[in-house]
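Engineer: Sequence plus the predicted model coming up.
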Amino acid sequence: MTSSASFLAALQVADSALPIGRFVHSYGLEAWLRGHGDANPDTLSELVEAVVCEAVAPLDGILIARAHAAQDLGTLLALDAQATARRLAPSSRAASQSCGRQLARLAPQLAPADTLLSRLCASVSAGETDGNLPVVSGALMRALGVSARDAVLVELRGAAAALLSSAVRLGAMSPMRSQVALARMAPALEEAAERALGGDASQTSSTAPELELYAMTHRRADARLFAT
């Protein structure tokens with residue numbers, strides 16, 4: 001693919017209009033805000049940056065880079081199993097797998113000529129593998145000609161945007177303030193992406209205990225706006 005085509009492909013995958021269901025998940029933020037009703041936009045921005053850099057990048061970032069480099073289905077299936085095993089919170093697994101399965105339905109239509117991607121998506125559709133988002137996304141990005149670095153950056157930016165969007169819809173931050181926060185995170189996201197690109201699949205980890213503990217209480221809430 002040309003550089004312009006791969007750039008356009010990256011924009012499409014990063015677009016909030018991509019119908020994979022990310023907008024229905026708050027990743028524990030809704031429950032966290034119930035316990036931190038006085039949190040201001042600056043605190044929320046710090047929380048989002050910390051979660052993406054310390055929890056998303058060392059797990060999803062590394063998995064995307066490894067899936068991007070995978071040359072066979074066995075490697076992708078092993079990465080998918082690892083993605084499930086490394087997510088301790090049920091809500092985190094639910095969000096990753098529901099979004100990943102939706103992307104697996106769409107991906108073969110975006111890159112129909114890629115055999116490896118088609119085989120992965122068929123395995124997800126048949127229930128032979130969980131279909132975690134970073135694994136499907138990494139395979140799709142490779143098929144679209146997007147570089148591994150850009151694939152990781154797109155995922156980290158998407159995770160940050162999803163959390164900030166949740167904060168906006170929960171009335172904890174204005175839309176304009178969320179965009180300013182996202183722009184200011186760029187250096188931190190770039191640094192986290194570089195670490196993820198240099199990481200090995202055996203080094204994956206995810207550290208966001210406070211948000212995960214709140215996420216576990218989410219299903220017991222009397223009223224919920226988000227699925228997780």
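Structural biologist: Cool, the structure landed.

Engineer: contacting residues around stretch 171-185?
Structural biologist: Contact with stretch 171-185 is made by 33, 39, 41, 44-45, 48-49, 52, 157, 160-161, 164-165, 167-168, as judged by Cβ atoms under 8 Å, 6 or more residues apart in numbering. All C-beta atoms are positioned from the backbone trio N, CA, C, and that covers glycine.

Engineer: quick one: buried residues of it?
Structural biologist: Buried residues in stretch 171-185, counted by 16 or more other Cβ atoms under 10 Å: 172-173, 177-178, 181-182, 185.

Engineer: could these be laid out in a markdown table, adding secondary structure?
Structural biologist: Converted to a markdown table, those look like this (DSSP: H, G, I helix; E, B strand; the rest coil):
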| residue | secondary structure |
| --- | --- |
| Ala172 | coil |
| Met173 | coil |
| Arg177 | helix |
| Ser178 | helix |
| Ala181 | helix |
| Leu182 | helix |
| Met185 | coil |
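
Engineer: for this protein, where's the lowest mean pLDDT among helices and strands?
Structural biologist: helix 209-218 (a mean of 74; mean pLDDT, DSSP states H and E).

Engineer: Now for Asp15, how many residues are close by?
Structural biologist: The tally of other residues near Asp15 (other Cβ atoms under 10 Å) stands at 11.

Engineer: and if you look at the one 5 residues further on?
Structural biologist: Taking other Cβ under 10 Å as the criterion, the count of residues near Ile20 is 21.

Engineer: Using the three-state scheme, assign it.
Structural biologist: When classified by three-state DSSP, Ile20 comes out as coil.

Engineer: residues contacting it?
Structural biologist: Counting by Cβ under 8 Å, 6+ apart, Ile20 makes contact with 99-100, 102-103, 106, 133.

Engineer: Apart from its neighbours in sequence, what residue is nearest it?
Structural biologist: Gln102 (4.1 Å; Cβ to Cβ, 6 or more residues apart in numbering).

Engineer: Do I have it right that that neighbour meets Phe23?
Structural biologist: No. At 11.4 Å, Gln102 does not count as touching Phe23 under the criterion of Cβ atoms under 8 Å.
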